[in-house]
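Asker: Here is my input; please provide its structure:
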Amino acid sequence: MFEFSEFEGKSKLEIFTINPKHKQSFLYHTTFGRDKIEALEAMLEYVKKANQQYNSYTLQWSLKGGDKLHTSYFRAKNIMEALDKFHHGRDINSVTVFSVVLNPIA
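Answerer: Numbering: from 1, shown residues only. Modelled structure (predicted):
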């Protein structure tokens, strides 16, 4: 899923992933450009390089009041960016994060 918006006079593109098991969406990445085309081109560059340039993190979490443990994976520069992607667009108090692990290099 993707969303274009305007931010400080630039086109902003956000791409989200949706997990079919628990129906939750998470931010994959955000790019900016002078227009939508430039934002799309920046996103394409990110997608091509993400697996090589960014760390892989595993988060284990549950919805508040829920009884299921979920596992989600993120590519990010650091642990804080992984958590930001996880929490993007949701109330921070609506989920409990049990662990965040930097995955070993494959």
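Asker: Quick check, Val97 in contact with Leu83.
Answerer: Yes - between Val97 and Leu83 there is a contact under Cβ atoms under 8 Å: 7.3 Å. No exception for glycine: its C-beta is placed from N, CA and C like everyone else's.
Asker: who has more neighbours, those two?
Answerer: Leu83 (17 against 14; other Cβ atoms under 10 Å).
Asker: Quick check: next helix or strand after the helix or strand where that one lies?
Answerer: Assigned by DSSP states H and E, Leu83 belongs to helix 79-87. Sequence order places strand 95-102 as the next helix or strand after helix 79-87, per DSSP H and E.
Asker: so how far is Thr96 from Lys68?
Answerer: 11 Å (Cβ to Cβ, to the nearest Å).
Asker: shared neighbours of these two, which are they?
Answerer: Common neighbours of Lys68 and Thr96 are listed as Ser62 (criterion: Cβ atoms under 8 Å, 6 or more residues apart in numbering).
Asker: With that, I have no additional questions.
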